[in-house]
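Undergrad: coords please:
(2 chains)
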Amino acid sequence: QKEVEQNSGPLSVPEGAIASLNCTYSDRGSQSFFWYRQYSGKSPELIMSIYSNGDKEDGRFTAQLNKASQYVSLLIRDSQPSDSATYLCAALSGGYNKLIFGAGTRLAVHP
Amino acid sequence: DAMVIQNPRYQVTQFGKPVTLSCSQTLNHNVMYWYQQKSSQAPKLLFHYYDKDFNNEADTPDNFQSRRPNTSFCFLDIRSPGLGDAAMYLCATSRKGLAGAEGETQYFGPGTRLLVL
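TA: Here you go, the predicted structure:
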């Protein structure tokens, strides 16, 4: 059973702090990883994708991948209350773009 | 703007009454997916189409069917909804075959929230 594991949270951080979200995956064959943000009652929205070991930065977001440890993380710098949402980690598995999602980490940024 | 559209956004049906949810896309993507998501859970893939090639997940109940009459449209049919089928239904698309990462990214529609009475 291919799995993606995330701490459900909630992760509570003060406004302006760095939020660190973590994810582990079981399928060593996975090569592509995605972070989606999902506001309550809404659909997932792509935040970042990462395919190579190391860091990938996009604005306030940095994704980190360590394939040897089967670990993916998302850092959100200068966290804002509008970042409060559930963050879903997903790993691409198989030949038909099948995404395996984690259950998500709920982030709460308080003023 | 190119996008994934789902209708209706909210659907109320009665126990056992067939219901159809629709998804359309203007992205010209060749892969379309249907996911079921219940509260505080990960999206669960029900099935997907790679062009006209239908791929059903092993644990998708027979109560769920899908149709893709053309590239732009895909339908989810629930033949006899039960109370346990109340959930958010998400449609997503991707462009398989593009070089690199762009072909692997899935884009989601806004979802249809289904309530079964």
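
Undergrad: and the residue of chain B closest to chain A?
TA: Taking CB to the nearest CB as the measure, the point where chain B comes nearest chain A is B:Ala42, at 3.9 Å. Using the backbone N, CA and C atoms, a C-beta is placed for each residue, glycine as well.

Undergrad: is it true that B:Thr71 touches B:Val31?
TA: No: using CB atoms under 8 Å, B:Thr71 is not in contact with B:Val31, being 10.4 Å away.

Undergrad: now for those two: what residues contact both?
TA: Common neighbours of B:Thr71 and B:Val31 (criterion: CB atoms under 8 Å, 6 or more residues apart in numbering or on different chains): B:Asp51.

Undergrad: between these two, which one's more packed in?
TA: Neighbours were counted for B:Thr71 and for B:Val31 using other CB atoms under 10 Å in any protein chain shown; B:Val31 has more, 21 against 17.

Undergrad: around chain B, pick out the residues from chain A.
TA: Remark: the part of chain A in contact with chain B comprises A:4, A:8, A:32, A:34, A:36, A:41-46, A:49, A:51, A:88, A:92, A:96-99, A:101-104, using CB under 8 Å from any CB of the partner chain.

Undergrad: among the residues you listed, which ones are in strands?
TA: A:4, A:34, A:36, A:45-46, A:49, A:88, A:92, A:98-99, A:101 (DSSP state E).

Undergrad: now the residues you listed: which count as buried?
TA: Members of these that pass the buried threshold by neighbour count (16 or more other CB atoms under 10 Å in any protein chain shown) are listed as A:4, A:34, A:36, A:49, A:88, A:92, A:98-99, A:101.

Undergrad: which helix or which strand is home to the spatially most central residue of chain B?
TA: When chain B is reduced to its mean C-alpha position, the closest residue under CA atoms, centre = their mean turns out to be B:Trp34, at 2.5 Å. Mapping B:Trp34 onto the secondary structure by DSSP states H and E places it in strand B:31-37.

Undergrad: and the contacts of the lowest-mean-pLDDT helix or strand in chain B?
TA: Within chain B, confidence by mean pLDDT, DSSP states H and E is lowest for strand B:53-56 among all helices and strands, at a mean of 90. If you take CB under 8 Å, 6+ apart as the criterion, strand B:53-56 is touched by A:96, B:46-49, B:66, B:68.

Undergrad: near chain A, anything from the strand holding B:Trp34?
TA: Yes: using CB under 8 Å from any CB, strand B:31-37 reaches chain A at B:Val31.

Undergrad: other residues contacting that strand?
TA: Strand B:31-37 is touched from outside by A:96-97, B:23, B:25, B:43-51, B:64, B:66, B:68, B:74, B:76, B:85, B:87-96, B:106, B:111, with contacts defined as CB under 8 Å, 6+ apart.

Undergrad: out of these, name the ones that lie in strands.
TA: Among these, the subset assigned to strands under DSSP E consists of B:23, B:25, B:44-50, B:64, B:66, B:74, B:76, B:87-94.

Undergrad: list the contacts for the nearest residue to B:Glu57 once chain neighbours are set aside?
TA: Once its chain neighbours are removed from consideration, B:Glu57 has its nearest residue in B:Leu45; the separation is 5.4 Å (CB to CB, 6 or more residues apart in numbering or on different chains). Contacts for B:Leu45 were tallied using CB under 8 Å, 6+ apart; they are A:98-99, B:33-35, B:57.
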